[in-house]
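Enquirer: Test case, fold it:
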Amino acid sequence: MKKILILTVVSTLFMACGGNENSASIDALIEAKNLTELKAKRAALQTDLSKIDAALATLEKKSDEALVETIAVKDTVFNHYVEIQGNVDTQQNVLIQPEMPGALIALNVKAGQTVSKDQVLGRVDDGGMSQQLAQIQTQYELAKTTFERQKRLWDQKIGSEIQYLQAQTQMVSLSKSVNQMKAQIAKTIIRAPFNGVIDEVFVERGQVVSASPQGLMRIVNLSQMYISTAIPEMYVGKVKVGTSVETNIASIGKTYMGKVRQVAKTINPANRSFGIEVTVPNPEGLLRPNQVAKLKIVDYSNKSAITVPTNVIQQDANGAKYVYVVTNTAKNAGVAKKAIVKVGQNANNNTEILSGLKTGDVVVSEGANTVSEGMKLTF
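Expert: Below you'll find the predicted structure:
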């Protein structure tokens, strides 16, 4: 509005002076070297310029009163966050490998199937070890019977001690052989190491398998997820086990609250950072290993802080920070007073005020740029 008024005044004065015709007459006077008329023309122009200056001064004069919006300062909980990116992971994400090579004679699961800990997932051909176990088992039963008879005779002082000891040794030896063979056969059975879901199956029944980088299948448990990331060295001592963390997973549009469960004890010399792990719930089963997460980690908290919107804080020529507070308030009116403040941390467009304000102070929140010391305020 002010610009329109200024342009109107200037245009009016210019038109009063004759516009282009006036410029032409000046050129003619200069060409004619008419000194008297040129001096008269200059005097007239100076008068017009004085009028313009007076009009500008009037139009640009700052009002003695301003309409503003205010907020009342009060104690609040203030948290400052470290914002960083991390990756979702789970410790129960395993490639199942066969303990013994051989033909896969049984495959009991498929991708997507839920399994329980120790459930049999498949079986590898034992290469005749079952028959060997049956033979050794028979030998053991005979050795056990012989030992028991020899022991009864020995208890009656019948027979020699060496016969008794030989029978005992034979029985113990065969017992160990049975156990060893059972342990070997048990390795042909492929079991689930924990409760989870079969994510992928890489082999087919009848295929000859052995330990490999691909494995037989992948099993994952999505109920115990965590996020791993690296924090700059400057936050050592600020991020601790139990610290609250807000995690946002953009790919699914979900935000979860978690806590730091582990903090590394060493600093990575390559990037001057230390690793942390954050536990996160997964009630809907939407989290997946290797998803990207954005973390907001609380590194500073003040349970009784005074805060103001960051945009109301101004800075004077000396570098001092200040806000305008309302004094002499009465019926939505008051007087502006500059309050020098000492600021702390910034978070979520709010700034912590360490000194200069107290609970109950009324601060100008909108229109602060049009306010000056002592100005009357309406709000």
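Enquirer: Which pLDDT value belongs to Leu153?
Expert: Among the per-residue scores, Leu153 holds a pLDDT of 88.
Enquirer: How about Gln163?
Expert: For Gln163, the predicted pLDDT is 89.
Enquirer: what about stretch 255-262, distance to the chain center?
Expert: 9 Å (C-alpha atoms, centre = their mean, to the nearest Å).
Enquirer: Then stretch 338-345?
Expert: Chain-centre distance of stretch 338-345: 29 Å, with C-alpha atoms, centre = their mean.
Enquirer: what's it in contact with?
Expert: 78, 80, 300, 302, 305, 313, 320-325, 351-357, 361, 373 (C-beta atoms under 8 Å, 6 or more residues apart in numbering). For every residue, glycine as well, the C-beta is placed using N, CA and C.
Enquirer: got any ranges where the protein has weak pLDDT?
Expert: 1-24, 50, 53-63 (pLDDT under 70).
Enquirer: sec struct for Phe194, please.
Expert: Counting by DSSP: H, G, I helix; E, B strand; the rest coil, the backbone at Phe194 sits in coil.
Enquirer: check contacts around it.
Expert: By C-beta under 8 Å, 6+ apart, the contact set of Phe194 is Gln92, Val94, Lys117, Ile219, Asn221.
Enquirer: Ramachandran angles for the third one?
Expert: The phi and psi values for Lys117, taken as degrees, to the nearest 10, are phi -60, psi 130.
Enquirer: rewinding a little: make a ChimeraX selection of whichever of the contacts of Phe194 turn out to be buried.
Expert: Applying 16 or more other C-beta atoms under 10 Å to these leaves a buried subset, and the ChimeraX line that selects it is:
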select :92,94,219,221
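Enquirer: The contacts of Phe194: which two are farthest apart?
Expert: Pairwise distances across the contacts of Phe194 (C-beta to C-beta) peak at 12.1 Å, for the pair Val94 and Lys117.
Enquirer: Buried only: go through the contacts of stretch 338-345 for me.
Expert: Buried subset of the contacts of stretch 338-345 (neighbour count, 16+ other C-beta under 10 Å): 78, 80, 302, 305, 313, 321-325, 351-353, 356-357, 361.
Enquirer: wait, which of those is closest to Asn195?
Expert: Using C-beta to C-beta, His80 comes nearest to Asn195 of the buried ones among the contacts of stretch 338-345, at 39.4 Å.
Enquirer: Wait, a strand at the closest one?
Expert: Yes - with three-state DSSP as the criterion, His80 is assigned to a strand.
Enquirer: Reformat the contacts of Phe194 as JSON lines; add distance to Lys39 and secondary structure.
Expert: Output for those, formatted as JSON lines (distance: C-beta to C-beta, whole Å; DSSP: H, G, I helix; E, B strand; the rest coil):
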{"residue": "Gln92", "distance to Lys39": "99", "secondary structure": "coil"}
{"residue": "Val94", "distance to Lys39": "101", "secondary structure": "strand"}
{"residue": "Lys117", "distance to Lys39": "109", "secondary structure": "coil"}
{"residue": "Ile219", "distance to Lys39": "103", "secondary structure": "strand"}
{"residue": "Asn221", "distance to Lys39": "99", "secondary structure": "coil"}
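Enquirer: Narrow the contacts of stretch 338-345 to those in helices?
Expert: Among those, no member falls in helices (DSSP state H).
Enquirer: Pick the one among the contacts of Phe194 closest to Gln170.
Expert: Lys117 (38.7 Å).
Enquirer: Kindly report the domain assignment for this protein.
Expert: The record's domain split for the chain, according to automatic domain parsing, is 2-60, 65-76+303-378, 126-187.
Enquirer: Adding distance to Glu277, write these out as CSV.
Expert: Converted to CSV, the domains of the chain look like this (distance: least, C-beta to C-beta, whole Å):
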stretch, distance to Glu277
domain 2-60, 59
domain 65-76+303-378, 24
domain 126-187, 33
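Enquirer: Go through the ones you listed and name the closest to Val208.
Expert: Going by C-beta to C-beta, the one of the domains of the chain nearest Val208 is domain 126-187, 11.7 Å.
Enquirer: returning to what we had before: for Val94 and Lys117, list the residues in contact with both.
Expert: With C-beta under 8 Å, 6+ apart as the test, Val94 and Lys117 both reach Pro193, Phe194.
Enquirer: how about the helix or strand harbouring Gln166: buried residues?
Expert: Counting by DSSP states H and E, the element that carries Gln166 is helix 161-186. Neighbour counts over helix 161-186 (16+ other C-beta under 10 Å) mark Tyr164, Ala167, Gln168, Gln170, Met171, Leu174, Ser177, Val178, Met181, Gln184, Ile185 as buried.
Enquirer: Can you give me the distance of Val280 to Gln97?
Expert: According to C-beta to C-beta, to the nearest Å, Val280 stands 29 Å off from Gln97.
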